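Novice: Have a look at this prediction, sequence included:
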Amino acid sequence: MTADMSAFSSRLHFFGDLTFLTAHRIGAEQSQAVDAPKLPILRTMDGLPYIPGSSFKGAWRSYTESILRTLQAQPGLIDNLACLPLAEKERCLTPDVIRRIKNGAGAGASQEQSIVDTRLRDASCWTCRVFGNGQLAAKVLVKDLYIDPARYFQTEIRDGVAIDRDSGRAKGGQLYQFETVPAGAAFSLEILVENATPAECGLVMLGLNAFMRGEVLLGGAKSRGLGWCKLEPKWKQSEYVTTNDPDDLLTYLFRPADVKPVGLTGQESEAWVSAFREAIQVKEGKDA
Ligand SMILES: [Zn+2]
């Protein structure tokens, strides 16, 4: 198996529709304008609400990490599925590990970058290998999600009460207003997954399946019931191509831009999840 990330080995191009069942709020910076709510939503240049790809990816990654941290604590399953990327000492690649790899065992300063990259990847947890960390580029890229103008009317302004975090009581009657996008808003989702193994595609699907079941909430004010959404995959529009199948690859690379994609059925996803499930079992005698 090659670990050279400069070479192409596979690409999954996933499309879907993300529809909100409740209102949601992805906030911009506080507004200073008098006629605007203090806490406006994020908008495109045309004034329409949108969801940055990084917001979707953040919620997706957090969900995946929480599930995988539970799984890796189970007997019989491998223990490097997820780390705590925000805590320096709980990361898979701690500063110590990075230093040790970069200084390389005896290879000196001339140690090839590709060897360093492979070792950094091997020392990273599964989640970091897919979603990236300070040393590894992410294999998943999420485009900003744009709203379907036909399914959107007007934002709503809600009143909030500032809560004192210590006492849990209202902070001297301080009111603030925040803007939300109403239920029914629909966004198009586009994700590229580059050079993931079938098992890593399974990890990708673990989170996307949860979005399809409506179990991952997006944006702020979740405790007030905001952010419930559901992902509808568009398998026919999605594509998967790998160098394991040279014919497919050539067709894919040389097709004219206006030719429709071959499309997926959705069953590929089940095979990836099975590959992931198989890969995370501890293999007897492997490290003996
Ligand atoms: Zn990690």
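Specialist: Cool, the structure landed. Please read all numbers here as calculations on a predicted model, not as lab measurements.
Novice: from here on, contacts and neighbour counts on C-alpha atoms
Specialist: Noted.
Novice: All the strands of the protein, residue numbers only.
Specialist: Secondary structure of the chain (DSSP state E): strands at 10-20, 50-51, 140-142, 145-147, 156-163, 170-180, 186-194, 229-233, 239-242.
Novice: Between these, which one is closest to residue 115.
Specialist: Residue 115 lies closest to strand 186-194 among those, at 20.0 Å (CA to CA).
Novice: Show me what the closest one is packed up against.
Specialist: Using 3 or more CA pairs under 8 Å, 6 or more residues apart in numbering; DSSP states H and E, the elements in contact with strand 186-194 are strand 10-20, strand 140-142, strand 145-147.
Novice: wait, which of the strands of the chain is closest to residue 94?
Specialist: Evaluated with CA to CA, those place strand 140-142 nearest to residue 94, the distance being 22.4 Å.
Novice: Residue 71: what's it in contact with?
Specialist: Residues counted as contacts of residue 71 (CA atoms under 8 Å, 6 or more residues apart in numbering) are 77, 81.
Novice: Let's see the pLDDT reported for it.
Specialist: Per-residue confidence (pLDDT) for residue 71: 95.
Novice: For residue 179, see how far away it is.
Specialist: According to CA to CA, to the nearest Å, residue 71 and residue 179 sit 38 Å apart.
Novice: Could you do residue 238 as well?
Specialist: Applying CA to CA, the value for residue 238 to residue 179 is 34 Å.
Novice: what residues does the stretch 51-200 of the chain put near the ion?
Specialist: Residues of the stretch 51-200 of the chain lying near the ion by CA under 5 Å from the ion: 83, 92, 125, 128.
Novice: so can I have a markdown table of those residues showing pLDDT and neighbour count?
Specialist: What follows is these, written out as a markdown table (pLDDT from 0 to 100; neighbours: other CA atoms under 10 Å):
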| residue | pLDDT | neighbour count |
| --- | --- | --- |
| 83 | 93 | 22 |
| 92 | 94 | 23 |
| 125 | 97 | 21 |
| 128 | 96 | 28 |
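Novice: from memory residue 131 sits against residue 125, does it?
Specialist: No: Residue 131 is beyond contact range of residue 125, at 10.1 Å (criterion: CA atoms under 8 Å).
Novice: Number of residues surrounding residue 120?
Specialist: By other CA atoms under 10 Å, 20 other residues sit near residue 120.
Novice: Could you do residue 85 as well?
Specialist: Around residue 85 there are 17 other residues, counting by other CA under 10 Å.
Novice: just residue 267 next, same as before
Specialist: Residue 267 has 9 nearby residues by other CA under 10 Å.
Novice: For residue 217, give me its contacts.
Specialist: Applying CA under 8 Å, 6+ apart, we find residue 217 in contact with 59, 226, 227, 228, 229.
Novice: Quick check: residue 31 vs residue 182, distance?
Specialist: In terms of CA to CA, residue 31 sits 20 Å off from residue 182.
Novice: Looking at the two, which has the bigger crowd around it?
Specialist: Legend: neighbour count by other CA under 10 Å for residue 31 and residue 182, higher for residue 182 (20 against 13).
Novice: what's near enough to touch residue 200?
Specialist: Counting by CA under 8 Å, 6+ apart, residue 200 has contacts 126, 130, 272, 276.
Novice: swap the cut-off to 10 Å and go again
Specialist: 126, 127, 129, 130, 139, 193, 206, 272, 273, 275, 276, 279 (CA atoms under 10 Å, 6 or more residues apart in numbering).
Novice: Kindly provide the distance from it to residue 116.
Specialist: Noted for residue 200: a distance of 21 Å to residue 116, by CA to CA.
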